[in-house]
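1. Provide a 3D model corresponding to the input given below.
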Amino acid sequence: AWTDFSCMYDASGDRFITGPEVGRTVTGREVTHEELGGAHTLSASSGIAAFTAPDDKAVRDDVRFLLGFLPSNNLETAPVLDSGDPHDRTTPELLDLIPDSANVPYDMRKVVEAVADDNEFFEYFPRWATNIICGFIRLGGQSIGVVGNQPAAYAGVLDIEASEKAARFVRTCDAFNIPIITFTDVPGFMPGTDQEWNGIIRHGAKLLYAYTEATVPKITVVTRKAYGGAYDVMASKHMLADFNFAWPTAEVAVMGPEGAVNIIYRRDLAKSPTPDERRATLIEDYKAHFANPYAAAERGYIDDVIEPSQTRPKLVKALRTLLNNLAAHPTRQHGQLTPFEPRTPFTRPHPSPSRRPPTPRPSRARRVYTRAHGPPADYPTPWTRRPPPLLHCLPPTRPTGYALQPQRASRFPHTHDASTMPSTH
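-> Next comes the predicted model:
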């Protein structure tokens, strides 16, 4: 969990916090070492082993290939290795990749491999959270980190594991100065009580935080669906992406046409004598006006609507532009653990009057009262003494006798506790 990448081969042993014997004693459940913490479990279920291979030689080859994408440390840039693949090569195989129906899946890996140099894609956690793909490619010789929704698995929705996987990968790329390209086809977040009760809001925010925190070049390509808050999280223009492109098949909207029509026009549909026909007409009208990339482009959320065959040349040009205009940023620490840390708890001021910090100005209620009645002769002025914490009282009345009379609790925040005031004689 502390390493940037963890690699295993099938017979490399097991990893777990408590072994099967302890689990059998506590829970009464029988489980083998391989089922509890074997290579397959760690790579497909728990998200520990990023790369697996059948033997140790294959693992060494994978590690050697992985290191070719990374710099020696986080203060250097990734090595550039031009393979000779033309930078202006078109990708006509992507023209017919998107199905006519928005409910039919396709493999996002084909998009990534088509734009990559020599069609090579080194995938990160290929068995875990398969509804999102992450990995490394080269584009024009430059090392690139890729994040993309996978419509072939759960329609590409974002869930807890997908958010964790992508957030960790984005932070890794940011730590090693590797630009990030995001391919978006997301219908939303995974619904259901299991996701909500286990904190999809908290885990989804990690991906949003990782994208907005990253200072490396960020480019996004919307291939089909880009709905709601999940679209915002996937490196949208709102999340400080540098370039946002879209294919003509992209649909940038709050939700899908069917769901939007059912909500927006529910009264119209209820009154219609032929609701099915009316719904079909409204859906087509919604698609024509909203479920396309052009409305978003008019508002500046999409920089350009491109043909799928021009995806690779556009990405190469955008990457060159960003790499030639990198701004200097202060050095900072990077980490792979959860970026959300608790705030430093508020420390109450010391109750001693001599240690209370001065306040710049008394409240309006105190100033009005002072002008009307006047403070006692040796009353501490409110702009030099702050009241003790949690001991607020109403403004004291004019003194009667030799001492001020204590008052009830007040809503005025800057008044003083009369019981702690000095006598007036």
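2. For the residue nearest to residue 155 when sequence neighbours are not counted, give me its contacts.
-> Among residues not flanking residue 155 along the chain, residue 187 sits closest, at 5.6 Å (Cβ to Cβ, 6 or more residues apart in numbering). Yep, even glycine has a C-beta here, placed from its N, CA and C like the rest. With contacts defined as Cβ atoms under 8 Å, 6 or more residues apart in numbering, residue 187 is in contact with 155-157, 225, 227, 230, 256.
3. Repeat the analysis, applying 10 Å as the threshold.
-> By Cβ atoms under 10 Å, 6 or more residues apart in numbering, residue 187 lies in contact with 102-103, 149, 151, 154-158, 224-228, 230-231, 251, 255-256, 259.
4. Check the residues you listed for burial and list the buried ones.
-> Neighbour counting by 16 or more other Cβ atoms under 10 Å classes 102, 149, 151, 154-158, 224-228, 230-231, 251, 255-256 among those as buried.
5. So for the helix or strand where residue 268 lies, what gets flagged as buried?
-> Here residue 268 sits within helix 266-271, counting by DSSP states H and E. Within helix 266-271, the residues scored as buried using 16+ other Cβ under 10 Å are residue 269.
6. all helices for the stretch 251-400 of the chain, in order.
-> Here the stretch 251-400 of the chain has its helices, by DSSP state H, counting those that start in this stretch, at 257-264, 266-271, 275-289, 293-298, 311-323, 364-373.
7. Can you check the pLDDT for the residue nearest to residue 304 when sequence neighbours are not counted?
-> Among residues not flanking residue 304 along the chain, residue 245 sits closest, at 5.4 Å (Cβ to Cβ, 6+ apart). pLDDT for residue 245: 96.
8. same deal with residue 239?
-> So residue 239 comes in at 88 (pLDDT).
9. Just give me the neighbour total for it.
-> Neighbour count for residue 239, taken as other Cβ atoms under 10 Å: 21.
10. circling back: which ones among the buried ones among the contacts of residue 187 are found in helices?
-> The members of the buried ones among the contacts of residue 187 that map onto helices under DSSP state H are 228, 230-231.
11. quick one: least confident of those residues?
-> Minimum pLDDT across these is recorded for residue 228, with 86.
12. you'd agree that residue is up against residue 253?
-> Yes - using Cβ atoms under 10 Å, residue 228 is in contact with residue 253, at 8.0 Å.
13. Report the set of residues contacting both of these two.
-> residue 259.
14. circling back to that earlier point, mind putting the helices of the stretch 251-400 of the chain into TSV with mean pLDDT?
-> As requested, those are exported to TSV (pLDDT from 0 to 100):
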stretch	mean pLDDT
helix 257-264	86
helix 266-271	87
helix 275-289	86
helix 293-298	89
helix 311-323	93
helix 364-373	68
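15. quick one: low-confidence ranges for the stretch 301-425 of the chain?
-> Judged by pLDDT under 70, the stretch 301-425 of the chain has its weakly predicted residues at 325-370, 373-425.
16. My reading is that residue 70 lies in a strand. Confirm?
-> No - looking at residue 70 with DSSP: H, G, I helix; E, B strand; the rest coil, it is coil, so not inside a strand.
17. Give the burial count for it, as a bare number.
-> Residue 70 has 21 neighbouring residues, counting by other Cβ under 10 Å.
18. What sits closest to it if chain neighbours are left out?
-> Nearest non-adjacent residue to residue 70 (Cβ to Cβ, 6+ apart): residue 176, at 5.4 Å.
19. again, but for residue 145
-> residue 173 (3.6 Å).
20. Can you dump the C-alpha atoms of the one helix or strand that neighbour maps to in PDB for me?
-> Element membership for residue 173, per DSSP H and E: helix 160-175. The C-alpha coordinates for helix 160-175 follow below in PDB (Å, rounded to 0.1, in the frame of the first residue of the first chain):
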ATOM      1  CA  ILE A 160     -16.000   3.300  -5.100                       C
ATOM      2  CA  GLU A 161     -13.300   1.100  -6.400                       C
ATOM      3  CA  ALA A 162     -13.100   2.800  -9.800                       C
ATOM      4  CA  SER A 163     -12.700   6.200  -8.000                       C
ATOM      5  CA  GLU A 164     -10.000   4.900  -5.700                       C
ATOM      6  CA  LYS A 165      -8.100   3.300  -8.600                       C
ATOM      7  CA  ALA A 166      -8.200   6.300 -10.900                       C
ATOM      8  CA  ALA A 167      -7.400   8.800  -8.100                       C
ATOM      9  CA  ARG A 168      -4.300   6.800  -7.100                       C
ATOM     10  CA  PHE A 169      -3.200   6.600 -10.700                       C
ATOM     11  CA  VAL A 170      -3.700  10.400 -11.300                       C
ATOM     12  CA  ARG A 171      -1.700  11.200  -8.200                       C
ATOM     13  CA  THR A 172       1.100   8.900  -9.300                       C
ATOM     14  CA  CYS A 173       1.300  10.600 -12.700                       C
ATOM     15  CA  ASP A 174       1.300  14.000 -11.000                       C
ATOM     16  CA  ALA A 175       4.100  12.900  -8.700                       C
END
